[in-house]
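Chemist: Based on what follows, work out the 3D shape:
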Amino acid sequence: MLRKFDTLSKDLERKCVDEVITRVQEIGDSEIGIVAAEDIISIVKQNLGPDIYNMGLHDAKKMFEERFSDISADIDVLEQHV
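Modeler: Below you'll find the predicted structure:
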């Protein structure tokens, strides 16, 4: 069952799992399995995903507002005065 935050491709998901496993092994003498790594990624996605998504929306909105402002100024320049 897909949850709303399950948006990673399978390849990217696997890469993240592998990196979590590798990092846990690097920082400690313990090992974790695939299920534990998937749980860590799931927790991170649930907690950070909405904020990252909203930052992307904010950046896109800012870009559109800047472009609209430029277009509006270009149109104002075309206005003819009698």
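Chemist: Hmm, V35 and I21 touching each other?
Modeler: No - assessed by C-beta atoms under 8 Å, I21 is found out of contact with V35, at 10.8 Å. In short, each C-beta sits where N, CA and C put it, glycine included.
Chemist: Neighbour count: the two, which is higher?
Modeler: Neighbours per residue, other C-beta atoms under 10 Å: of I21 and V35, the larger number sits with I21, 17 against 9.
Chemist: how far away is that one from I32?
Modeler: Separation of I21 from I32 (C-beta to C-beta, to the nearest Å): 6 Å.
Chemist: Next one: I41 from M63, what distance?
Modeler: 29 Å.
Chemist: Who has more neighbours out of the two?
Modeler: I41 (16 against 10).
Chemist: so what's that one closest to, chain neighbours aside?
Modeler: C16 (5.2 Å; C-beta to C-beta, 6 or more residues apart in numbering).
Chemist: got it, and I32?
Modeler: Per C-beta to C-beta, 6+ apart, closest to I32 is V24, 5.0 Å.
Chemist: what residues are up against G33?
Modeler: G33 is in contact with I21, counting by C-beta atoms under 8 Å, 6 or more residues apart in numbering.
Chemist: Read off the pLDDT value for it.
Modeler: Looking at G33, its pLDDT is 93.
Chemist: same deal with D18?
Modeler: pLDDT, D18: 92.
Chemist: helix or strand for it, which one?
Modeler: In this structure, D18 sits in helix 10-27 according to DSSP states H and E.
Chemist: could you check the angle helix 10-27 makes with the very next helix or strand once past that helix?
Modeler: Proceeding N to C from helix 10-27, the next assigned helix or strand is helix 34-78, under DSSP H and E. Interaxial angle, helix 34-78 versus helix 10-27 (axes from the mean of the first three to the mean of the last three C-alpha atoms, to 10 degrees): 120 degrees.
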